[in-house]
Structure formats: structure tokens, C-alpha cells
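Visitor: give me the fold of what follows.
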Amino acid sequence: MKRLLAALCLLWISGVAFAFDTTRRPNRIGILLSAADFDSEGETVVEREVRRALRVELEERGFDVFDAERTLDEASRDGVAAADYLVEIAGGDPQSEEYGGLGIAGRHIDVRVGMIVSRVAADVRIYDAQTMQVIATENLSRKRSAVVPTSLGFGGNRVFAAVALPFFYRSQYRNVARAAARDAATFVITTIRGQ
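Guide: Predicted coordinates:
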């Protein structure tokens, strides 16, 4: 009985060992640069942050991802070595608006607090890296809101100075870009696994 059990265990172990396919590699995905010329700092921040966050999201989910460091036109002309798929994020179109505001004044300091609503909309396109044909396209849009200080003032009876706090707007752009990148990663993974 012990010999039979040992023989069955050896057969099971050898079957499990041969089940591993060492020739298979994860899909390699290149993230393309946007061909658009950006008019504002917000557009630049969003495009860069979406590409970075998308790369991180896909890597965390087991994909081999790299920055292609070229636009779609350059990739079509020159090719992209060792990529299975290419992902392009077109648009970005960030908008950030302040709704309402509340001023809090003290003897020598004033703070204005407002609700900032940031939006981003972009098209995500997935290409077959060999044929450069579009496999799938999705329009993503995300919105985030936060109550943050928008300006800070200092002064006394005769002199007063106020300083705007634009880094909260950039922080909101980054947050909404990361949320859009998570949606983009889910779309890319679903598309690739459905192929």
C-alpha cells in the first residue's frame, strides 16, 4: 500500500512539473506618447500621470509594460521591438473648477477654502503591435472633487498680501488621472484576455 501511494505521489509530482510552461511569457505592452500639443500645464500633468499610473497598474497585475517613448506615427514608421500590444491615450482634456468658497479670517491671516471639481476625459486605444491595427477603443472619463484651501492671505491694518495655492489644483489633476488610469488598465486587461 505504501509503495502504491509513493508511486501515485511521484506520478502526480511529475504531472505538475510538466504542467508549467516555461516558454510562455506575459504579454508585453508598450505605452505610446501622445501626439497632441498641450496648451496648458494641466494637460501635460494629466497625460504624463495617466501614462505613469497605467504602467504601474498593469505591472501590478502581472504584465510586462514599458514606455515606448514614441508616438503612434513614429511606431508605425519605425516599429516597436518586442511588443505584443501598444496602448495610446489620446485627449486628456482636463478641467478643474472651483465651486463656492468660504473665507475664514483671523487677526493676521485669511484662508479661502473652496470645493475643486476636476474632470478628465480621454480615449484609450489598443493596437496590435505587429499589424498596427486598432483592436479596441474606449472613452474614459473621471471626476473627483475635494474641499481644499485655495488661497492664503497675510496682513495687518495697513498691508495685506494674498497668495493663490495652485498646487492643490495639480494634486487634483493627479488624483483624477490615477483614477482614469485604473479604469484604462481594467479596459486593457479585459481586451487582451478576451483576444
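Visitor: distance of the closest residue to residue 108 other than its chain neighbours from residue 107?
Guide: Closest residue in space to residue 108, ignoring its immediate chain neighbours: residue 156 at 6.0 Å, by Cβ to Cβ, 6 or more residues apart in numbering. Quick note: C-beta positions are derived from backbone N, CA and C, even for glycine. Residue 156 is 8 Å from residue 107, where distance means Cβ to Cβ, to the nearest Å.
Visitor: kindly report the same for residue 29.
Guide: When residue 29 is compared with residue 107 (using Cβ to Cβ), they lie 57 Å apart.
Visitor: my read: the residue nearest to residue 108 touches residue 110, true?
Guide: No - taking contacts as Cβ atoms under 8 Å, residue 156 lies outside contact range of residue 110: 11.6 Å.
Visitor: which of the two has more neighbours?
Guide: More crowded of residue 156 and residue 110, by other Cβ atoms under 10 Å: residue 110, with 16 against 8.
Visitor: ok so the more buried one is a strand residue?
Guide: Yes - assigned with DSSP: H, G, I helix; E, B strand; the rest coil, residue 110 falls within a strand.
Visitor: tell me how far it lies from residue 139.
Guide: From residue 110 across to residue 139, the span is 42 Å (Cβ to Cβ).
Visitor: same check, this time on residue 90
Guide: Counting by Cβ to Cβ - residue 90 and residue 139 are separated by 10 Å.
Visitor: related to what we said a few turns ago, looking at residue 29 and residue 107, which is more packed in?
Guide: residue 29 (24 against 8).
Visitor: circling back: which neighbours do residue 156 and residue 110 have in common?
Guide: Counting by Cβ atoms under 8 Å, 6 or more residues apart in numbering, residue 156 and residue 110 have no common neighbour.
Visitor: make sure residue 49 is actually in contact with residue 172.
Guide: No - Residue 49 lies out of contact with residue 172 (Cβ under 8 Å); the separation is 11.2 Å.
Visitor: what's near enough to touch residue 115?
Guide: 98-100, 145-147.
Visitor: er, residue 77 I mean
Guide: Per Cβ under 8 Å, 6+ apart, neighbours of residue 77: none.
Visitor: for the helix or strand containing it, could you pull out the residues that count as buried?
Guide: If you go by DSSP states H and E, residue 77 is part of helix 72-78. Within helix 72-78, the residues that count as buried by 16 or more other Cβ atoms under 10 Å are 72, 75.
Visitor: and it, what's its mean pLDDT?
Guide: The average of the pLDDT scores along helix 72-78 is 80.
Visitor: CA atoms only: put that helix into CSV for me.
Guide: Extracted C-alpha coordinates of helix 72-78, given in CSV (Å, rounded to 0.1, in the frame of the first residue of the first chain):
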residue,chain,number,x,y,z
LEU,A,72,1.8,56.2,-32.9
ASP,A,73,3.1,57.7,-36.2
GLU,A,74,6.7,57.0,-35.1
ALA,A,75,5.9,53.5,-34.0
SER,A,76,4.1,52.8,-37.3
ARG,A,77,7.1,54.0,-39.3
ASP,A,78,9.9,52.5,-37.1
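Visitor: done for today, thanks.
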